[in-house]
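A.B. asks: here is the input, now give the coordinates:
(chains A and B)
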Amino acid sequence: MMGLLAWAWLFTLPGLVLTALGFPRDRRQAGYASLAGPFVLLIVAVIALLGGGSSNVAFESWLPFLPDGAYRALADELSALMLAILGFVAAVVYVYSLGYMADDPGRRRFFAYLDLFVATMAVLVLAGNLAVLLIGWTGVGISSFLLISFWLDRPGTLSAGLQALAANAVGDGALLLAASIVPTGCGALINLGTQQCTAGLGGAELLALLLFVAAAAKSAQGPLYFWLPNAMAGPTPISALIHAATMVAAGVYVLVRTHALLAVAPQVSLWIAVVGTATAIAASLASVFQANFKKGIAYSTIAQLGYMFAGVGVGAPFTGLFHLFTHASFKALLFLAAGIVIHGAGGRESLGELRGLGRFFVFSLWGFLIGSLALIGTPLVTAGSFSKDAIIDAAMASQPVIGWILLLGVTLTGVYIGRLFGIVYLAPAADPHAVHHDESSERHMNWSIVPLMVGSVVMGYLGNWLRTVLEGPLGPIEALPPLLNVTGGLAFILGAVGFVSATWYVRRPSYAPAATETSYRADPWVRAIAEAGYAAAGALSRIQSGVLPRYVFGSIVGVALILLVRVSLR
Amino acid sequence: MTPVYQSIGVLVLGAVVPLLLVSRLSGQPRAAGLVGLPFAIVAAGLGLQASQPLSLAVVALSSVCGLALLLVPVLQPEVPAHVAEAAALLLLGTAGAIGLAASTDLLQAVVGLETLALSAVTLVALGAGERALEAAFKYLVLGAISLAGLLFGLGLVILGTGSLGFPTAAQVSGSPLVLAGVVLVGMGFAFELALFPLHWGALDAYTAAAPSLAGFVMSASKLAAAFALGRLVLAAGLEVAQILVWVGCLTIIWGTFGALGQADNLRRMLAYSAVTHAGFIGLALGSGPNGPTTAAFYAAVYGSMAMLVFAALAGQREPRVRSLGPLRAVALALGLFSLSGVPPTPGFWAKLAVLVVAWQATGPLPTLIAVAGGVFSVLYYLRPLPDLFAAVRGDGAAARPVLVPGVLVAALAVVALGLFPGIAWTLARGG
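C.D. replies: Modelled structure (predicted):
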């Protein structure tokens, strides 16, 4: 099965072609042709994961001008797990979208983009070397851009998409550089840490740093966080699939995949842990001040990715991956549950407008509650506790300061998610008449999130099994903490205190957030950089005025300068 | 007679035929394109037998010419008259470009360069409206100035070495006169490549030329100049290579910022993008012994994607993205992807190839500039994309049937180069 899985990026392409060409003809059935793809992916990935083993695909000298110019795909337990997550969340999101996008005129385009995303994400996961990784890496960035800017006629969506492109460009550049500077013959991801491959200028540290920058851009860590909250301009199913569960987790995946390189670059590893921790705390704080429902959850995603980075950085890649696994389920659940309310409220997203409307949607209410409990890490009954405790435990063992910060950060997690839950689901409804029930599309949405609810509860129990399965690609892994343990208990208590107090605080009638129009403008410092760039561009265009004498002057002076510098420098 | 000279002969013959038939062909653009096409195909076939890396030059230039001929049938709204002459000039310009690329001494290079440059200027001038004429005039004047510099440099070289051959590294480092001469000659070639600070005229010409002809003007001159400069650098060694590295970096910076400022003007953005790509070629040329091969590869890839973009835009005087119709919209998107370097398009592989040699030969700073210029280009190339795909729904004008072969062939070339970039690489370096 691994052999078949190595070609998993082909699975959604038939759907892409059919949907793009306009099958089925009926506009209300657009997207049906795409439905099979993610299910096939899920089934093949799970069977391959159960079967184990690995499969390599290699076409040597495909790109003769690169240090490693082969097409290399690697399907092993690690990629099978990632693809299973991708297939699972994608399958849910496809079905959910049948309801969410039911009346959207661009429905066909939406499903075509979705297929493109799943295909490129599969390329990313299956990449065996840097060249192939770049294909997937850039591909998911572009799919993400297209989906963020999907509703072109809404204000700010193009700007939000361009912000994502800009942040991704930084990461792509780092990866591009990594692919260009490795010594000849190097490029296979699992071999990047070997002596031969770290022999170039800058050594292992430079290579690891480049991968870290690339991962940080994709996973919105450190200063490169800025695009993800505004990526919420895209439709909600996209926020769940791409900007919560899978694509933004690709940074963590790549760092796990290249853990051997990080192991020989301890300084970079420490930086990964520090940046991840700082991002987790800062993003949790930022979430508390959001006026937009989805942006509040988006900052939570950034924070949780920070936890994963911290886990990878303290030398416990498995814990980061495990949290990626459980997080995919409960964060997608949070988004899709939120989407049901947003859809029912006619696309409104601001907390002021959504206040109290959640109670009219039973599935959404329970889904969001289960997701929240998993997020703060309720022991035994939710998956989040298993993986988050594992990260905090690993951090305590190697970098106690980071461990304590992460532990205390759980309070903030409780506060921000409790605030969102309290405002939308518990507070008295601001305007009950704003709710519209649409039976047929709601049925798709409601039932499609049930698997995610189940996943958010039981996935944690798979931890020890995953640990044994992944010892192949990851090497020996330390045992996970026991089901009930002191750190986990402490973390839960902190989180629960935050959750309950925030819920209690915001449901008071006197607490009423303003119903504001959501803005997708970039943060001030990003805008300042962009404006400086565009100002330079404008100035430069004015020099290029079309006046011939100036052109003649420019040419002659330019050539004279070059001549002067060259001849005088010898 | 070598295959290269045979192909030049075929192309010149091909240029003569439409001119002899001018009165018959003037009202029939479709026939004008078809008459020239066999000559381009034969020339490309002959090129396959040439030695590397010239094989790539002949094949790529003839293919660009053939593609441009496929677009001649839609010339009518863009070029009010003289369609047959346009076909002839395409073939003649290609002959000149091959002459420049294959030149074995500097005199041949000058002859080839002028044949190419004058054909290009005239092609630009054929476009409808005052702006095309004005741009062509500027292009002509600036070209004449750079030619003067080149001839002066040629004089210095003859004075220093006593021959018309490409000066060797020993001759260059031996005498400042020869060095100055080589730099001036190189700048003459750089004008065709549109390297900063000689890009001014090219920029306006690329903006104003008729879309069906702009692709040819941009790619043919880049291809030929890349080969000629490659030969110059290989002979003259490090002294000239370093100039090209820094001029290339400046060009990348200039083109990138210029293109960023053109949010609403697709044609001007594409013209600036041609400058940026010239910068990548310049950087590659300066990057050690493998540099010129890489530059040739890059130029060939650039030719394919520029032709694709302009095939998609052909037949419109002002490009309107929303009214392209599905086929051309997808083709334009593919071309823009490739220009911006999105894998697995050929533009990406070419960029990566440049980065590899640049890192090995020139070190971190030029490589970083190239990486930044490469990755941030998505901000201007992909900006029209959501609009473009939203238009695919089909409310735009239907594709004009005469355009379909041109668009399809160009798209196939880009896809083939993307999936099998080794083809062009083998033609450039062998084995």
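A.B. asks: do the helix of greatest length in chain B and chain A meet?
C.D. replies: Counting residues, the longest helix found in chain B (DSSP state H) is helix B:130-161. Yes. Judged by CB under 8 Å from any CB of the partner chain, helix B:130-161 comes into contact with chain A at B:134, B:137-138, B:141-142, B:145-146, B:149. All C-beta atoms are positioned from the backbone trio N, CA, C, and that covers glycine.
A.B. asks: tell me the helices and strands packed up against that helix.
C.D. replies: helix A:548-569, helix B:106-125, helix B:176-193, helix B:200-208 (3 or more CB pairs under 8 Å, 6 or more residues apart in numbering or on different chains; DSSP states H and E).
A.B. asks: how far off centre is that helix?
C.D. replies: 18 Å (CA atoms, centre = their mean, to the nearest Å).
A.B. asks: list the buried ones in whatever helix or strand comes next after it?
C.D. replies: Going down the chain from helix B:130-161, the next helix or strand is helix B:169-174, by DSSP states H and E. By neighbour count with 16 or more other CB atoms under 10 Å in any protein chain shown, helix B:169-174 contains the buried residues B:171-172.
A.B. asks: what count of nearby residues applies to the closest residue to A:Glu60 other than its chain neighbours?
C.D. replies: Spatial nearest neighbour of A:Glu60, chain neighbours left out: A:Ala70 (4.8 Å); criterion: CB to CB, 6 or more residues apart in numbering or on different chains. Neighbourhood size, A:Ala70 [other CB atoms under 10 Å in any protein chain shown]: 19.
A.B. asks: quick check: the gap between A:Ala70 and A:Leu130.
C.D. replies: 11 Å (CB to CB, to the nearest Å).
A.B. asks: now the one residue in chain B that gets nearest to chain A, nearest residue through space, not along the chain?
C.D. replies: Using CB to the nearest CB, the closest approach of chain B to chain A is made by B:Pro197 at 2.7 Å. Distances taken as CB to CB, 6+ apart place A:Gly558 nearest to B:Pro197, at 2.7 Å, with adjacent residues excluded.
A.B. asks: give me the common contacts of A:Ala70 and A:Leu130.
C.D. replies: Here A:Ala70 and A:Leu130 have A:Gly187 as joint contacts, going by CB atoms under 8 Å, 6 or more residues apart in numbering or on different chains.
A.B. asks: show the average pLDDT along the helix or strand harbouring A:Pro229.
C.D. replies: Assigned by DSSP H and E, A:Pro229 belongs to helix A:227-230. On average, the pLDDT along helix A:227-230 is 92.
A.B. asks: does the residue nearest to B:Pro197 touch B:Phe196 like I think?
C.D. replies: Yes. Here A:Gly558 reaches B:Phe196: they are 7.3 Å apart, a contact under CB atoms under 8 Å.
A.B. asks: enumerate the residues of the stretch 451-570 of chain A near chain B.
C.D. replies: A:533-534, A:536-538, A:540-541, A:544, A:546, A:548, A:551-552, A:554-559, A:562-563, A:566-567, A:570.
A.B. asks: narrow those to just the buried residues.
C.D. replies: A:533, A:536-537, A:540-541, A:544, A:548, A:551-552, A:554-556, A:558-559, A:562-563, A:566.
A.B. asks: so which elements touch the one helix or strand A:Leu452 maps to?
C.D. replies: Using DSSP H and E, A:Leu452 sits in helix A:450-458. Packed against helix A:450-458 by the contact rule (3+ CB pairs under 8 Å, 6+ apart) you find helix A:77-100, helix A:317-344, helix A:362-376, helix A:383-398.
A.B. asks: tell me which residues are up against it.
C.D. replies: A:88-89, A:92, A:326, A:329-330, A:332-333, A:336, A:363, A:366-367, A:370-371, A:374, A:381-384.
A.B. asks: quick check, the residue in the stretch 251-400 of chain A closest to chain B?
C.D. replies: Closest point on the stretch 251-400 of chain A to chain B, by CB to the nearest CB, is A:Val254, at 15.6 Å.
A.B. asks: assign a three-state SS to that residue, would you?
C.D. replies: helix (DSSP: H, G, I helix; E, B strand; the rest coil).
A.B. asks: centre-most residue in chain A?
C.D. replies: A:Val248 (1.5 Å; CA atoms, centre = their mean).
A.B. asks: confidence score at that one?
C.D. replies: 93.
A.B. asks: which residue sits closest to it, ignoring its sequence neighbours?
C.D. replies: The shortest distance from A:Val248 to any non-neighbouring residue, by CB to CB, 6+ apart, is to A:Ser219 (5.2 Å).
A.B. asks: same thing with A:Asp76?
C.D. replies: For A:Asp76, ignoring the flanking residues on the chain, the nearest one in space by CB to CB, 6+ apart is A:Ser54 at 3.6 Å.
A.B. asks: what is the neighbour count of the one you found?
C.D. replies: 18.
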